[in-house]
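Engineer: from the sequence below, what's the structure:
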Amino acid sequence: MKQDQREKSRREKEYVSEKEKEEKEYYTEEKEAEKELFERIIEEKFKEEYKKMQKVPGLEEEIKKEAQEVKKLKKQGKVSRLLKLAEEKGLFFAIAVARKMETPYILDILHDILAQNEFYKKFLKE
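Structural biologist: Numbering: from 1, shown residues only. Predicted structure coming up:
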């Protein structure tokens with residue numbers, strides 16, 4: 001299990017490094033269109049879910065607290081923690097935390113990882 005976590009962490013670090021390189025290059029129109037479509041779909045679903053989440057007592061405070069904790073981590077740690085939150089508490093909780101952090105770059109990386117190989121489907125099924 002620890003080896004799986006190390007491998008996952010290694011892959012995430014590699015992805016973040018690669019993402020930084022890609023930031024210097026322009027996305028192709030096709031990739032940009034795919035990314036925008038994915039973000040629109042997730043945004044629509046997030047809005048629906050967030051309305052439901054706001055009705056849960058104490059959840060907004062939990063999101064704020066988690067966002068403050070995640071902000072303290074280094075870039076790779078932030079992404080790893082958000083993915084772990086997606087597994088533990090659901091995709092929309094993790095997105096709410098990322099939004100509360102007010103760090104668009106991290107939210108963008110999270111979206112990209114989830115869009116990779118339709119990884120987001122794993123979280124949406126739960």
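Engineer: remind me, longest helix of this structure?
Structural biologist: helix 29-54 (DSSP state H).
Engineer: helix or strand with the lowest mean pLDDT in this structure?
Structural biologist: The helix or strand of the chain with the poorest confidence is helix 120-125; it has a mean of 62 (mean pLDDT, DSSP states H and E).
Engineer: at the geometric centre of this protein, which residue sits there?
Structural biologist: Of all residues in the chain, the one closest to the mean position by CA atoms, centre = their mean is residue 110, 3.0 Å from it.
Engineer: between the one helix or strand residue 5 maps to and helix 29-54, how many degrees?
Structural biologist: Residue 5 is located in helix 2-23, with elements delineated by DSSP states H and E. Orientation of helix 2-23 against helix 29-54 (axes from the mean of the first three to the mean of the last three CA atoms, to 10 degrees) gives an angle of 120 degrees.
Engineer: for helix 2-23, buried residues please.
Structural biologist: Buried residues in helix 2-23, counting neighbours by 16 or more other CB atoms under 10 Å, are found at 12, 15, 16, 19. All C-beta spots, glycine's among them, are computed from the backbone N, C-alpha and C.
Engineer: swap in stretch 64-80?
Structural biologist: Buried residues in stretch 64-80 (16+ other CB under 10 Å): 66, 67, 70, 76, 78, 79, 80.
Engineer: now what about that stretch, what contacts it?
Structural biologist: 8-9, 12-13, 16, 81-82, 85, 97-98, 100-101, 103, 106, 109-110, 113 (CB atoms under 8 Å, 6 or more residues apart in numbering).
Engineer: let's see it at 7 Å
Structural biologist: Residues from elsewhere that reach stretch 64-80 (CB atoms under 7 Å, 6 or more residues apart in numbering): 9, 12-13, 16, 81-82, 85, 97, 100-101, 106, 109-110.
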